[in-house]
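Participant: Task: produce atomic coordinates for the following.
(chains A, B and C)
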Amino acid sequence: QQIALGGIRADAKAPVEVTADSLAVNQADGSATFTGNVLVVQGGMRLKAAVVDVEYDPKDRSKITRMHATGGVTLVSPAEAAEAKEAVYDVAASNVVMTGDVLLTQGQNVMSGQKLTVDLKTGTGQMDGRVRTILQPEAKK
Amino acid sequence: CGFTPAYGPQGGGTRLLGAVQTDSPATRDDFALTRRLSERLGPLETAHYRLAYTVTTEALGQAITPSNATTRYSLAGKVDYTLHDIGTDAVLLTGKVASFTSWSATGTVVATDAAEEDAHRRLMSMLADQIVTRLLAQAGSLPQ
Amino acid sequence: EPPAGSADAPAGAPGGYAVADADQAATLLADRIVTTADNRLLAEGAVEIYWKQNRLTAHRVTYDQNTETLTIEGPIRLVEPGQTGSVIVADQAELSRDLQNGVMVGARMVMARELQLAANRIDRKDGRITTLTEVVASSCRICASDPTPLWEIRARKITHDNETKQLHFEGAQFRVMGVPLVWLPNLRMPDPTVTRMSGLLRPSFRTTSSLGAGLKLPYFIALGPSADLTVTPYLSSSYTRTLGLRYRQAFDNGTINAEGALSSDSIRKGENRGYLFADGTFKLPSDYTLGLQLKVVSDPSYLLNYGITEDDRLWSGVTLEKVHRNEMIWLRAGNTHSIRSGESNSTEPMLSGDFSWTRVIRPAVIGGEATIDWSVHAHRRASDMTVDGIEDSDTVSDGRDTLRTSFVAGWRRQWLLSGGVLAAMQTELAGDAVMVRQDENWADHTLRALPTVGVELRWPWVATSGRASQVIEPIAQLVWSPDNLKQVANEDSLLTEFDEGNLFSFSRYPGGDAREEGLRANLGLSWTRHDASGWSLGVTAGRVVRLTDTDQFPTGSGLSGRRSDWLIAAHLTTAEGLTLSNRALFDNDFGFSRDELRLAFAGDKYQIAAGYLWMDASETEGRLTDTSELLLETGWTWAEGWRSTLSTRYDFTAERAARATVGLEYANECMSVDLSLSRRFTSSSTVKPETDFGLSVQLAGFGATSTGRKTTGGSATRVCRY
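Facilitator: Next up, the predicted model:
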């Protein structure tokens, strides 16, 4: 199925694996902060960032409800890559909001703006804030 | 009342004598103009200034007789000139001079043609004299 | 089919993408872009699309990547690059990614900022063919408050091809002020960017008392980039059938152009009349310029009947010229055909040739500047009589032919004396060899020489005070030459003038047949005031005083007698654009022998050019009565775009006008109308007085008119007043 520009799909149910150089756990609110080459993998989607704060479901510590990545984020899916300064991944609502010099590329198609909201279920993406994109001629069929 | 000899010590006219190189002429009018300028400002010794000029003339028929013969022509002429510093080519003085002269066409064709040629020479001589007079008036402001 | 490539982010910093064929890519900017699953982009809020400097702005654009089409919702504005590009405004459109193909609905197109086309549908094909359906075309201002334009062309379809630069109207209807005047099923017009294209030029109506009401329809044929032919049929009611032709061609080193006409008319029934004027100039190696000219006409009154020129002496011949700083070579040879009544082409010198070579050198020992001038003059009268016949009014042998060669060497040097006096020493030696044929009164050969020496003293004084500077310059020149010069037949020195240009020259004769003799003093005083604000006034006074009256100059020339007339010349120019010049020659008791006044004022609203000429009668100069003529040309811009002109030439001696012309011009941003009524009162054996009425209308927006709508007096681009 054709994956639209900015339509990053991910399976919200798939397990999330996080690796980083170091980890600090905050016992009080149950959140954790990964720092240093943080890599978050969920199904086909991979997220790299300098620092990621992870919040867990208070009732079930093993379920991640929200991740907040800062310090330059790259989100890569099989068909696309997106870069931005920050990103918030709301696992329950299964959407990702990237902000700050967002750059989204898919093959030759490129889009830049200030804020990218991706609905992982429907695969639609919305870029805001003086968005700029290049309409490439398709390779002649 | 403020008058001083132009070629005298306070006049500044001596700066022009033998020091003005005119641009090379392209037409016969230009040639007559540069000849008269060279007569008045003296042949070139050491060039301090360059004089650029643009000559335009226009003839106008006059004295139309009842039998529709044009028996006189007047020739109006204008020269736009700029005086440049020979080294830096900076524009020091600019100006425009204008005058007119005429020739009769009542005689034979040979007499009329000769009168026309002479009218061009006289007009250029007048315009050159006016340029020299204007330069003399402002010579005091020229840099040493 | 899956998109090519994936995953790796392209090189280059965000915002600057290294893309394969950058010039094919279109850039899209918007406040918000939503990408949908089925590969569509929805851009909203101040959407801008750029493609090769074409720029489109819209409110909302949907881009379907598969079909590469943009569905655009208005208000849409598409601007093509450059001054000649068009601007299209539309409500909705569906265009290709590069904006070059597609449909625009409810569209208005402005071509080259000049021609407005409103259509309910515009189709674009490859950015080249634009088809407008149900369209109104006009270059006039269209305002909400006053929607009907001055003129418009309504058409079922207009096709514009921006390569052939042509507009093809189908089912066209020409309307003025909303009233349909002309129906044209098919019409081709140049688009506003065209400067050179074959087609109809501006038609004009010409009504004259001798030829009746007529119409001229010039048709221009471009023969390649450097040559063209204009064919102008001119038909008039009572009556003329005239075909006018003009051919122009440009070469690498020169140009030729020829104009002519063939007519059969009611003025000379049954005769083929016409004229041909051709000229060419060519740049030859080593700075020579060659000039060729041919002027022939079928009969003396043709040029006036058809308003071609007022020239009454038509010269055909060749000129060659080379001008350098210190050398000038000039040759002029040809024949003059006179159509002046009372002038004979056989008993007057019409075939003539002149050559002159001038060289300027700087002599070593004596310094100063020397000029050497070698000249040859020859002319021939067609008649072979050796005595004066009755055919003309002069007393010269009807067949006299002359050849004269002259050699003149001159030297001049200046010295600056103490006190600022500039002294100049000048010497000249002129030698003439003259041959005369077919004239019993003159020797076949004459050799003569005339030395002349002169001293000139100039003592200019200057005063500069704040903004104004003044110069007072007294000049005295003493000139001597012997007064026993052998006389030769005087042909080229009969028409003498006396003005500031020759007040201080050695000979006030225009040619070489006569040279000024005797001891004479040329005295002059000039005063000039030049104000930095731009106005300047110059007055020159002069007089020639001779030791003895050598009776060389005719009365009425101002130079006759022991003391010449006073020469007074004044030139005034003001910053506002007024120039006033007057030159007078008058004797001690103020008897004016000559006075010439010229006035010119070029303001925005008013333009005036006036001239008054007074000349005493002078038998030797062929002027049997006094000349007293006023020339007046006025222009007045009395309202936005409206300008009227009046010009007249009044002969006080004959107590009537020689010519009077009244003109009215209207010009605005889309149309210019020129109306002129002129009457020539002169008449002779071959020419009758004539009245000439001309009208011409030009629609702006078709073909780049060089003058555009900026006709004299300025056109008024009307503005909508809500």
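
Participant: In three-state terms, label the residue positioned nearest the centre of chain B for me.
Facilitator: The residue lying closest to the centre of chain B (Cα atoms, centre = their mean) is B:A128, at 2.2 Å. Applying DSSP: H, G, I helix; E, B strand; the rest coil to B:A128 yields a three-state assignment of helix.

Participant: Correct me if wrong: it contacts B:R40.
Facilitator: Yes - look at B:A128 against B:R40 with Cβ atoms under 8 Å: they come within range, at 6.5 Å. For glycine as for every other residue, the C-beta is placed from the backbone atoms N, C-alpha and C.

Participant: circling back: look up the pLDDT of the nearest residue to the residue nearest to the centre of chain B once chain neighbours are set aside for me, please.
Facilitator: Spatial nearest neighbour of B:A128, chain neighbours left out: B:R36 (3.6 Å); criterion: Cβ to Cβ, 6 or more residues apart in numbering or on different chains. Per-residue pLDDT puts B:R36 at 96.

Participant: One more: the one 5 residues further on?
Facilitator: Reading off the confidence values, B:L41 has pLDDT 93.

Participant: give the contact list for it.
Facilitator: If you count contacts by Cβ atoms under 8 Å, 6 or more residues apart in numbering or on different chains, B:L41 has them with B:16-20, B:132, B:135.

Participant: That one and C:T402: what is the separation?
Facilitator: Counting by Cβ to Cβ, to the nearest Å, the separation of B:L41 from C:T402 is 39 Å.

Participant: in what helix or strand does B:R35 lie?
Facilitator: helix B:28-41 (DSSP states H and E).

Participant: Can you name the next helix or strand after that helix?
Facilitator: Following helix B:28-41 in sequence, per DSSP H and E, is strand B:49-64.

Participant: and that following strand, which residues are buried?
Facilitator: Within strand B:49-64, the residues that qualify as buried are B:49-51, B:53, B:55, B:57, B:60-64, counting by 16 or more other Cβ atoms under 10 Å in any protein chain shown.

Participant: now that strand against helix B:28-41, angle please.
Facilitator: 120 degrees (axes from the mean of the first three to the mean of the last three Cα atoms, to 10 degrees).

Participant: And strand B:49-64, how far out from the chain middle?
Facilitator: Centroid separation for strand B:49-64 versus its chain: 10 Å, with Cα atoms, centre = their mean, to the nearest Å.

Participant: partners of whichever helix or strand comes after that strand, with directions?
Facilitator: Sequence order places strand B:70-85 as the next helix or strand after strand B:49-64, per DSSP H and E. Strand B:70-85 pairs in its sheet with strand B:49-64 (antiparallel), strand B:91-104 (antiparallel), by DSSP bridges.

Participant: quick one: contacts for the closest residue to A:P58 other than its chain neighbours?
Facilitator: Nearest residue to A:P58 in three dimensions, chain neighbours excluded: A:G30, at 6.2 Å (Cβ to Cβ, 6+ apart). Residues counted as contacts of A:G30 (Cβ under 8 Å, 6+ apart) are A:55-56, A:58, A:61.

Participant: what about residue 94, neighbour count?
Facilitator: I'll assume chain A. When neighbours are counted by other Cβ atoms under 10 Å in any protein chain shown, A:S94 registers 17.

Participant: if you could check chain C rather than the one you did, that'd help
Facilitator: 14.

Participant: pLDDT weak spots in chain B?
Facilitator: Flagging of chain B using pLDDT under 70 yields the residue ranges B:1, B:144.

Participant: Equivalent analysis for chain A, please.
Facilitator: Along chain A, the model assigns pLDDT under 70 to residues A:1-12, A:138-141.

Participant: can you give me the strands for it?
Facilitator: For chain A, the strands defined by DSSP state E occupy A:16-19, A:22-26, A:31-42, A:45-56, A:64-70, A:73-77, A:80-84, A:86-90, A:95-106, A:109-119, A:124-135.

Participant: Which of these sits closest to chain B?
Facilitator: The closest of these to chain B is strand A:124-135. By Cβ to the nearest Cβ, the value is 48.5 Å.

Participant: Next up, the contacts around residue 69.
Facilitator: Reading this off chain A. Counting by Cβ under 8 Å, 6+ apart, A:A69 has contacts A:38, A:40, A:47, A:49, A:51-52, A:86-89.

Participant: hmm, I had chain B in mind actually
Facilitator: Applying Cβ under 8 Å, 6+ apart to B:A69 gives the contacts B:105, C:312, C:340-343.

Participant: try B:D23
Facilitator: B:50-53.

Participant: Repeat that for C:Y288.
Facilitator: By Cβ under 8 Å, 6+ apart, C:Y288 lies in contact with C:320-322, C:329.

Participant: what does C:I608 give?
Facilitator: Counting by Cβ under 8 Å, 6+ apart, C:I608 touches C:599-601, C:632-635.

Participant: isn't C:I267 right up against C:L304?
Facilitator: No - with contact defined as Cβ under 8 Å, C:I267 does not count as touching C:L304 (10.3 Å).

Participant: Compare neighbour counts for these two and give me the winner.
Facilitator: Using other Cβ under 10 Å, the more surrounded residue of C:I267 and C:L304 is C:L304, with 22 against 18.

Participant: which SS state does the more buried one fall under?
Facilitator: C:L304 - assigned by three-state DSSP - is helix.

Participant: Quick one: neighbours of residue 120, just the number.
Facilitator: All of this is about chain A. Using other Cβ under 10 Å, A:L120 has 24 other residues around it.

Participant: The intended chain is chain C.
Facilitator: 14.

Participant: phi, psi of the residue lying closest to it once chain neighbours are set aside?
Facilitator: Closest residue in space to C:N120, ignoring its immediate chain neighbours: C:E134 at 5.0 Å, by Cβ to Cβ, 6+ apart. Note on C:E134: its backbone torsions stand at phi 50, psi 70 [degrees, to the nearest 10].

Participant: gap between C:E134 and C:R121?
Facilitator: As judged by Cβ to Cβ, C:E134 and C:R121 stand 7 Å apart.

Participant: Contact partners for the closest residue to A:P137 other than its chain neighbours?
Facilitator: Once flanking residues are discounted, A:P137 sits nearest to C:Q24: 5.0 Å by Cβ to Cβ, 6+ apart. C:Q24 sits next to A:136-137, C:98 when contact means Cβ under 8 Å, 6+ apart.

Participant: cool, and C:R562?
Facilitator: Contacts for C:R562 (Cβ under 8 Å, 6+ apart) come out as C:545-546, C:548-549.
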